[in-house]
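In: Below is the sequence, then the predicted model.
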Amino acid sequence: MLRIIENMRNELVRFTQEIIRIPSLTGDEGELSKIVLEKLKEINIDDAFIDDIGNVIGIIRGEDKGPNIMLNGHLDVVPSGDLENWEGYDPFGAEIDEKGNIRGRGASDLKGGLSVQLYTMKLVNDLKNKGVTLPGDLIFSAVVHEEAAEMFGMEFLFKNTFRNRDIGCDIVFLCEPTNLNLMLGHRGKVELVLTTKGKTSHSSRPHAGINSIQKMVPILEKIFNEMGKDDYIHPVLGERCFAVTNIVSRPAGYSIIPDECEISIDQRYFPHEHVDDMVTRYQKIIDELKMDDPELKVSVKIREIDEKSYTGYRKSVQKHLPPWITPADDPFVQKTVRALKRIGQEPVFDYWEGGTDGSMSKGILGIPTIGYSAMELRYAHTAQDRVNIDKMLLSFEGYYSIVCELFGIEKPFRE
């Protein structure tokens, strides 16, 4: 391992512990954003700021000859859940266990990686201060609202902040969990809402009304019996799948037959498909059932929610993450592999099962996007949340090698 990496071990660990101790739940990332901004300013890079939605951005400027590289992660974490499941650890204690893991909510998703990316900025800035020429910009971005899974912060970053400030990037590295491998994409995700309509009546006279829950039953039966029968398997992304994740009825209680029942469906889909195709698939089921039940009133749509960031910025957004794949033969991918092999790592290509903000950078904007970090997905969102310190150091060296490779810098590897 490079000496400069090993020498920063204690500082990297302390900062990672510091940010894990901040419970930056979605919509409450303000305290963490200030800490991250302070660290960027302490490093004394060319520009560091918080944008109007609350994203933190730092830039080390190059000579405008490219490529511009962006290191990206998110500020928010999911709730800790039942404390009894944490095996005696404080979810926001950031304790180090006997195996050298930092334990705590967000350690694996993804504060361990965010810390590594930030300190990569420090090392590259040190090179620049020593007279090393950077052909392009190195950009750090930590965005809000990733866990909500609709690209709220990432969309604002690209379509507002970057556009207004004339910032561009040619390659994006996500520090979502990869276990030192290279993630090159994932399936699309859309949350669909199916709603049946009925007619209220007193529950002592149920036949005087139309029970919307009863109207939902054949829909659920048909979905479970038919939607899961899909023979097509994508060559790298796996199977198209769905899950019914919630059922609610309205009005509830008060001895009343509910006139509205709603189910939520988490539907995954492939790059060759469009989100409208997913809506059409469920509409077909509805149309078939209506032939047998003319009284059936059902709608299907993509869920929309009103999001509000900690800065007060609001927008109505769809719960939708487009699918994406960065080709393995992309020049940035090949250079990344070369950079990691130079330091003795042997990454394999893989694809996330869940979604990421790469749906914006690659899925919508077409910017090559690669996932790389030390964290392991098996610990994400669990009460065993952790990041291994030794692996963090390996990923730190990995990111430093990647940036140097893409910028054509050889100095650190000749010393």
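Out: Thanks, I have the structure now. Residues are numbered from 1 along each chain as shown.
In: Can you give me the domain boundaries for this protein?
Out: In terms of domains, the chain is parsed into 3-186+324-413, 188-306 (source: automatic domain parsing).
In: To residue 312, which of those lies closest?
Out: For residue 312, the closest of the domains of the chain is domain 3-186+324-413, at 9.0 Å, according to CB to CB. C-betas here are computed from N, CA, C, even on glycine.
In: if we can go back for a sec, so which of the domains of the chain gets nearest residue 313?
Out: Distances from residue 313 to each of the domains of the chain were compared using CB to CB; the minimum, 4.6 Å, belongs to domain 3-186+324-413.
In: all helices in the protein, in order from the N-terminus.
Out: 3-6, 9-20, 30-43, 112-129, 152-156, 163-165, 212-222, 275-292, 331-342, 358, 389-407 (DSSP state H).
In: Please identify the deepest-packed of those.
Out: Looking across these with neighbours counted as mean count of other CB atoms under 10 Å, the highest average goes to helix 358: a mean of 32.
In: any idea how far that one is from the chain center?
Out: Distance, stretch centre to chain centre, for helix 358: 7 Å (CA atoms, centre = their mean, to the nearest Å).
In: go on, stretch 126-135?
Out: Counting by CA atoms, centre = their mean, stretch 126-135 comes out at 31 Å from the chain centroid.
In: Do me a favour and average the pLDDT over it.
Out: Model confidence over stretch 126-135, given as mean pLDDT, is 96.
In: Can you list phi and psi of the nearest residue to residue 17 once chain neighbours are set aside for me?
Out: Setting aside the residues directly before and after it, residue 17 is nearest to residue 94 in space (CB to CB, 6 or more residues apart in numbering), at 3.8 Å. When read as degrees, to the nearest 10, the backbone of residue 94 gives phi 50, psi 40.
In: hmm, back to that, any chance of the helices of the chain in JSON lines, with distance to residue 314 too?
Out: Converted to JSON lines, those look like this (distance: least, CB to CB, whole Å):
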{"stretch": "helix 3-6", "distance to residue 314": "42"}
{"stretch": "helix 9-20", "distance to residue 314": "26"}
{"stretch": "helix 30-43", "distance to residue 314": "16"}
{"stretch": "helix 112-129", "distance to residue 314": "25"}
{"stretch": "helix 152-156", "distance to residue 314": "10"}
{"stretch": "helix 163-165", "distance to residue 314": "18"}
{"stretch": "helix 212-222", "distance to residue 314": "31"}
{"stretch": "helix 275-292", "distance to residue 314": "23"}
{"stretch": "helix 331-342", "distance to residue 314": "35"}
{"stretch": "helix 358", "distance to residue 314": "25"}
{"stretch": "helix 389-407", "distance to residue 314": "34"}
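In: For residue 84, find the nearest of these.
Out: helix 9-20 (20.0 Å).
In: From the chain's centre, how far out is the closest one? Work that out for me.
Out: Centroid separation for helix 9-20 versus its chain: 22 Å, with CA atoms, centre = their mean.
In: outside of it, which residues touch it?
Out: By CB atoms under 8 Å, 6 or more residues apart in numbering, the surrounding residues in contact with helix 9-20 are 32, 35-36, 39, 92, 94, 96, 102, 104-107, 111-112, 114-116, 118-119, 387, 389, 392-393, 396.
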